[in-house]
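Asks: pasting the structure only:
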């Protein structure tokens, strides 16, 4: 039978910290027991184990294990609700967020094939629609800025970028 | 004399003057727009420096840093929204002054305090960096190993928020810095067969991802808010008022210099310490928080006194004290330079040319700041809905330009998501970046010490310098524990009081 005392004992003070601690603990366990032994090649002869390429990642992994346990304990025992209040935001519409993700996808998917100017125009237009920007002439900036920024990168600062779509 | 003429030849180039002026202007503009930070601007400007001469490149970034420090105070005073965390203290008196119709006076006080503090900080940099570098010439691998340990622990112990989260961020940064080919044995570490990861993770996509992308994600995640317009009105600052604040400004500048020279403390702490010191000493202490010009001066002096001083550990020891100096360290590396005591021997002319540029940036800040006060409303009235798409464009173009590969754009976005998660979980990004930079240095000095000492661990305690750094490392861990325990005690006391009520 659960007593009021036992109910109090299991109450989580900061769920975010507990969640972050569990995620990091899982990651650290995978790191120490799977990633370090399988994805770091060790030379056959070592004069000192501390010289091994696996030594520092292993130590860091174990320290993450230790501190993620401490983070879980912190979440269970320490009340940091005031900090959580500061972190809270008033969420916008899903459409706004999704369109921002679309703009990011446009950049990564089309940047090399369609060029900096075209992807810049397209992504900027999508972001203006996402907000949404209601002043019509502002949409013209979506054409001006990608051209201007590409020009600064390529011609003024000599930093190469793909300018036009492939084939042009 | 030969060196002097070389310094003059390096510094007196049109490119350097343009870089400083552009840097300060960009810094003030970006700093004065809430949501855009000086860190973000320095990170985005880094790809532009690829084709520049090293001195011009560093001066551009330093100019942005200094301009951003001042620019943050403009919105703090006018619309009660600090452009940077360090300007949060300025609004305590700056905003009430603006409400009373003395906005211009507050802005001028902030500008003059910033310029004087910046100048004092630069003088400290010139004197102490060379002196510290001379001492650091006696350092070998074990001394540098302990110095890095001390830098990591002090940054974590003084980071705001949870110490455990700061530690975790630093550890993740170190772990990420180990990706790529091991320098001693050539073994692959966490490359997963991807050739893009062989040469370690690129610094610039990581930087842009961590400090610019989360702001953009947060803006589109949040509800759209109406844009607030601001106006600088009222009379300027009289000379008698500036004279009255002068002692406070000098004291605040010295506080900024001391705090800035210690890695990890930062401008925010300096501003608040300077402000509380000024309030304690001032005959007008009752007016503090209600619109006292001395309060604005103290906060800005503390805040800007840090700017030059944070470069002391960077130039003399090669250790970045905060995020912006970490980015500047990246710029040095892009140009094949390694800051530290050796640089003072091999590239002394370049360092003195940098010092001249840094001093000159204070004068530019004074000029640009005066213009910014006049035409500020034009800058601040650009809504974020127009700014952020342009910022994203700079992010993508800048990340791509590093290796001309879309992989870096992916990497930047991935770090952007990591940075956003960090923000939401209140995990500080600064220890992550410092860990990323210091991780390889830590491992390199550890291995070199073992090789020099023929695997004998007593090399790590070989002399007074190592013992000093060991004591400092232990001291900073003790400080972190003390802060953790006292924060818990305060929280418990506060909870007890609220229960009693």
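Replies: Noted; the coordinates are in hand. Quantities reported herein were computed from a predicted structural model and do not represent experimental measurements.

Asks: any weak-confidence spans in chain A?
Replies: A:1-11, A:79-89, A:165-168 (pLDDT under 70).

Asks: what separates the longest helix belonging to it from the chain centre, distance-wise?
Replies: In chain A, with assignment by DSSP state H, the single longest helix is helix A:55-77. Here the centre of helix A:55-77 is set off from its chain's centre by 20 Å, with CA atoms, centre = their mean, to the nearest Å.

Asks: Would you map the strands across chain A?
Replies: With DSSP state E, there are no strands along chain A.

Asks: can you tell me if the longest helix of chain A touches chain B.
Replies: Yes - against chain B, helix A:55-77 shows contacts by CB under 8 Å from any CB of the partner chain at A:56-57, A:60-61, A:63-64, A:67-68, A:70-71, A:74. C-beta coordinates here come from the backbone N, C-alpha and C atoms, glycine included.

Asks: Residue A:48: neighbour count?
Replies: 15 (other CB atoms under 10 Å in any protein chain shown).

Asks: That one contacts residue B:455, doesn't it?
Replies: Yes - contact criterion CB atoms under 8 Å: residue A:48 and residue B:455 qualify, at 4.5 Å.

Asks: Identify, from the residues of helix A:55-77 next to chain B, the entry nearest to residue B:292.
Replies: Set against residue B:292, the nearest of the residues of helix A:55-77 next to chain B by CB to CB is residue A:74 (39.1 Å).

Asks: Might you list the low-confidence residue ranges for the stretch 201-350 of chain B?
Replies: B:225-235, B:264-266.

Asks: where's the residue of it found nearest chain A relative to residue A:108, distance?
Replies: Here the stretch 201-350 of chain B gets closest to chain A at one residue, residue B:220, 3.7 Å apart by CB to the nearest CB. Using CB to CB, to the nearest Å, one gets 16 Å for the distance from residue B:220 to residue A:108.

Asks: Looking at these two, which one has more neighbours?
Replies: residue B:220 (23 against 17).

Asks: List the residues that contact the more buried one.
Replies: A:92, A:96-97, A:99-100, A:127, A:130-131, B:388 (CB atoms under 8 Å, 6 or more residues apart in numbering or on different chains).

Asks: Would you mind naming the helix or strand containing it?
Replies: helix B:213-221 (DSSP states H and E).

Asks: just so I have it, where are all the helices in the stretch 101-250 of chain B?
Replies: Taking DSSP state H, counting those that start in this stretch, the helices of the stretch 101-250 of chain B run over residues B:103-136, B:141-158, B:163-177, B:203-211, B:213-221, B:239-261.

Asks: Run through who's touching the fourth one.
Replies: For helix B:203-211, the surrounding residues in contact (CB under 8 Å, 6+ apart) are B:37, B:39-40, B:43-44, B:46-47, B:176, B:323, B:327, B:330, B:333, B:395, B:398-399, B:402, B:408-409, B:411-416, B:418-419, B:422, B:429, B:432-433, B:436.

Asks: tell me which strands and helices the host helix or strand of residue B:416 is in contact with?
Replies: Per DSSP H and E: residue B:416 is located in helix B:406-424. With contacts defined as 3 or more CB pairs under 8 Å, 6 or more residues apart in numbering or on different chains; DSSP states H and E, helix B:406-424 has these neighbours: helix A:94-114, helix B:203-211, helix B:213-221, helix B:384-403, helix B:429-452.

Asks: in that helix, what counts as buried?
Replies: B:406-413, B:415-416, B:418-420, B:422-424 (16 or more other CB atoms under 10 Å in any protein chain shown).

Asks: biggest separation within the residues you listed, which pair?
Replies: Among the buried residues of helix B:406-424, B:406 and B:424 lie farthest apart (CB to CB), at 27.0 Å.

Asks: just how off-centre is the helix holding residue B:220 within its chain?
Replies: Distance, centroid of helix B:213-221 to centroid of chain: 21 Å (CA atoms, centre = their mean).

Asks: can you check stretch B:465-483 too?
Replies: On CA atoms, centre = their mean, the centre of stretch B:465-483 falls 23 Å from that of its chain.

Asks: Stretch B:471-490 too?
Replies: Taking mean C-alpha positions (CA atoms, centre = their mean), stretch B:471-490 and its chain are 23 Å apart.

Asks: Can you see whether it contacts chain A, counting any residue in it?
Replies: Yes - residues of stretch B:471-490 contacting chain A under CB under 8 Å from any CB: residue B:488.

Asks: Now for residue 139, how many residues are close by?
Replies: Assuming you mean chain A. Residue A:139 is flanked by 13 other residues according to other CB under 10 Å.

Asks: try chain B instead
Replies: Count around residue B:139 with other CB under 10 Å applied: 19.

Asks: Hmm, residue B:464 and it touching each other?
Replies: No - contact criterion CB under 8 Å: residue B:139 and residue B:464 do not qualify, at 11.9 Å.

Asks: Can you give me the buried ones in stretch B:14-33?
Replies: The neighbour-count check on stretch B:14-33 (16+ other CB under 10 Å) flags B:16-17, B:19-33 as buried.

Asks: ok now it, how far from the chain's centre?
Replies: The chain centroid and the centroid of stretch B:14-33 are separated by 16 Å under CA atoms, centre = their mean.

Asks: Can I get the contacts of residue B:220 in a markdown table including distance to residue B:494?
Replies: Listed next are the contacts of residue B:220 as a markdown table, based on distance: CB to CB, whole Å:
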| residue | distance to residue B:494 |
| --- | --- |
| A:92 | 33 |
| A:96 | 38 |
| A:97 | 36 |
| A:99 | 43 |
| A:100 | 39 |
| A:127 | 43 |
| A:130 | 41 |
| A:131 | 40 |
| B:388 | 38 |
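
Asks: ok now stretch A:47-66, how far from the chain's centre?
Replies: Remark: stretch A:47-66 is offset 25 Å from the chain centroid, using CA atoms, centre = their mean.

Asks: Kindly report the same for stretch A:42-60.
Replies: Taking mean C-alpha positions (CA atoms, centre = their mean), stretch A:42-60 and its chain are 30 Å apart.

Asks: Now do that stretch: everything it contacts.
Replies: With CB under 8 Å, 6+ apart, stretch A:42-60 has contacts from A:31-32, A:35-37, A:40-41, B:171, B:174-175, B:178, B:182, B:184-185, B:187, B:189-190, B:439, B:442-443, B:446-447, B:450-451, B:455.

Asks: Could you rerun that using 6 Å?
Replies: For stretch A:42-60, contacts defined as CB atoms under 6 Å, 6 or more residues apart in numbering or on different chains pick out A:36, A:40, B:171, B:174-175, B:178, B:182, B:185, B:187, B:189, B:443, B:447, B:450, B:455.

Asks: Name the surrounding residues that touch stretch B:484-496.
Replies: residue B:163.

Asks: For it, list every residue counted as buried.
Replies: Applying 16+ other CB under 10 Å to stretch B:484-496 flags no residue as buried.

Asks: circling back to that earlier point, may I ask which of the contacts of residue B:220 has the most neighbours?
Replies: residue A:127 (29 neighbours).

Asks: That one touches residue B:389, doesn't it?
Replies: Yes - contact between residue A:127 and residue B:389 holds when scored by CB atoms under 6 Å: they sit 4.0 Å apart.
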